[in-house]
Structures are given as structure tokens and as C-alpha cells.
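1. sequence and predicted model, in that order:
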There are 2 protein chains.
Amino acid sequence: MFAGCRASETPLFRVGDKWTGRIIRCLETGPRRFSELQVPLREVTPKVLTETLRAMERDGLVKRTAYAEMPPRVEYELTALGRTLREPMAAFCEWSAAHQPEVLEARDAHERVTLAREAADRGSGRF
Amino acid sequence: MFAGCRASETPLFRVGDKWTGRIIRCLETGPRRFSELQVPLREVTPKVLTETLRAMERDGLVKRTAYAEMPPRVEYELTALGRTLREPMAAFCEWSAAHQPEVLEARDAHERVTLAREAADRGSGRF
DNA sequence: CAGAATCCCCTACGATACTG
DNA sequence: CAGTATCGTAGGGGATTCTG
């Protein structure tokens, strides 16, 4: 994963999971509350959001601050380390945004040839 | 995942899985054979490698070329689309390489405080 | 509000064995 | 060589319900 073809033992430091990247993007501009994160991350369940945030906290990417108020308030913000991830993260997002149509088009094209081949197979095998 | 906090329906286009990134890196410098990919990707099973390559092919990231020889030879290479992923991929690898120590250190530190707290809990609850 | 607890499912990944 | 075929598993992810 790292230099050249040498495989890494620690694949991408949790950036590969489903939500870490999105959370980083949501925290780019400043601290956010738990519920503020749930909104843009449409319908992420509290369990999964908590798990992901805990993991990011463990890895030193976010800092959790709980205020002893009623009702409770908790804020999450990127640490200095977490902030260094914004750039590579943004690069990926830009790539996704820019090339999404091409990927979808490639999938469609691939599906078309697959279906066509299956039809041909059925046709030749029928009699 | 993309612009700002707006969530994406297609999360990172398979870049999140365990092997896609590594494969892209291995194909950076040119076409590679199936067996040539197995070596640097230590111990990836042929099944998983095949699955990942098929998915990348479907998404238009790699091109598969089979030569009708004996013994058989198959080469994989990045498409133009796949090549555009080299840069963001490299950015991530550089980040990983540069910050791996910090992440590991953060994990250790987190584990230390967790263990310490557990010990304290046991101590206070013992009598 | 910010989660903890519980239950469940799917699929990515892997080990092993076999084939054109 | 470059795969398929089968089987098995861990855990990431989700739905639902409950609580300080």
C-alpha cells in the first residue's frame, strides 16, 4: 500500500471504512455535535456513528468533549493529526465527484455486455 | 463524502476495500500478470484477487487482456480512468506512511488510559 | 440529547481443493 | 498459469428499544 508494491500491515488506518471519511469532511469546518453529524450522514444509526467516532478518537483523529449540562452536549472536533487528513480526503472526494459519471457509465456498459452474452448463451444452447 | 457534508450514495467507489488501493499501486508502473500481483500483495488468495480485479474491471479501472497461449497468460493494466486514481491514492499512501507512527502512538496512549481506568474501577469497587 | 444494549444479517475475506 | 468451486468465519453495518 505504501512505497511501491510493498504491502502494508496496517491498511489505510481506518480510512477504508464506510463513515470515517465522511465524518472527517463534516468536521472540516469546525466542531460538531453528535446530532449535527447524524443529519448530513443521512440515517447513520447512533450505534455505528458512536463506534466510528470512538475508533477515530482511539486513533487520535478526533477529540471528544462532553459538557456536563442538561440536556447533555458533546462536541467532536478534528485533532491536529485529524486535520492532516483533510487534504488527501478532499483529493479523494474530488476524484469521486469528477469521475462518478464515468464509473457509473462503465458499470452500465459492463452490465450490458454481460446481459448480451447471457442472452447469446441461452440462444445457442436452446436447441 | 463529496461536496461539504452532503452524503454520497456511492461511497468512494470500491476504494474502501482492502485490496483495490494496493492493486492500483502495483499497476502504477505498467501491466502486471495475475501471478505478479499475488507476490507483492502477500498471500492474497486467488479468489479474492480475482473478485477484486473483476470489480475494478466492471468499474472501468483496469483492463484485462488474456493471451491464448499455453501456458495461459493474462495481463492487467490501469485504464485511463484507473490512472487518474494514482494521484489521490498516492496522497493517501504518503499520509499513511508519514503518520503511521502517530496513529500507533495514539492507540497505545488510548489503551494505557483505558487499562488504567479499568484498574481504578476494580480498585474502588473491590470493598 | 447522546448514547448503551440487544439482536440480526450480509458480505468481505480467507483456507482448501480442484480444473482448462 | 490463471483461475473456479465450496465452505466457513469475523465483524461492519443496521433496526429497534431503552436510559442517564
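-> Perfect, I can see it now.
2. please make it C-alpha for all contacts and neighbour counts, starting now.
-> Noted.
3. which helix or which strand is home to A:E77?
-> When secondary structure is defined using DSSP states H and E, the element that contains A:E77 is strand A:73-78.
4. go on, A:E118?
-> With secondary structure defined by DSSP H and E, A:E118 is part of helix A:86-125.
5. tell me the mean pLDDT over stretch A:78-92?
-> Regarding stretch A:78-92, the rounded mean pLDDT is 91.
6. ends of it, what's the gap?
-> 18 Å (CA to CA, to the nearest Å).
7. list the contacts of that stretch.
-> Stretch A:78-92 is contacted from outside by A:21, A:24-25, A:27-28, A:30-31, A:60-63, B:12, B:88-89, B:91-92, B:95, B:99, B:102, using CA atoms under 8 Å, 6 or more residues apart in numbering or on different chains.
8. what about the residue of chain A at minimum distance from chain B, which helix or strand?
-> Using CA to the nearest CA, the point where chain A gets nearest to chain B is A:G16, with a distance of 4.1 Å. According to DSSP H and E, A:G16 maps onto no helix or strand at all.
9. distance of it from A:L81?
-> According to CA to CA, A:G16 and A:L81 sit 17 Å apart.
10. follow-up on the earlier one: buried ones among the contacts of stretch A:78-92?
-> Among the contacts of stretch A:78-92, the ones that count as buried by 16 or more other CA atoms under 10 Å in any protein chain shown are A:21, A:24-25, A:27-28, A:31, A:60-63, B:12, B:88-89, B:91-92, B:95, B:99.
11. report pLDDT for A:A3.
-> Value for A:A3, per-residue pLDDT: 36.
12. can you give me the buried ones in the lowest-mean-pLDDT helix or strand in chain A?
-> The helix or strand of chain A with the lowest confidence, counting by mean pLDDT, DSSP states H and E, is helix A:86-125 at a mean of 83. If you call a residue buried by 16+ other CA under 10 Å, then helix A:86-125 has these buried ones: A:86, A:88-96, A:99-100, A:103-104, A:106-107, A:110.
13. from the chain's centroid, how far away is that helix?
-> Average the C-alpha atoms of helix A:86-125, do the same for its chain, and the two points are 19 Å apart (CA atoms, centre = their mean, to the nearest Å).
14. do the same with stretch A:79-97
-> Its chain's C-alpha centre lies 11 Å from the corresponding centre of stretch A:79-97 when counted by CA atoms, centre = their mean.
15. same thing with stretch A:47-60?
-> Remark: stretch A:47-60 is offset 13 Å from the chain centroid, using CA atoms, centre = their mean.
16. and for stretch A:48-62?
-> Stretch A:48-62 sits 13 Å away from the centroid of its parent chain (CA atoms, centre = their mean).
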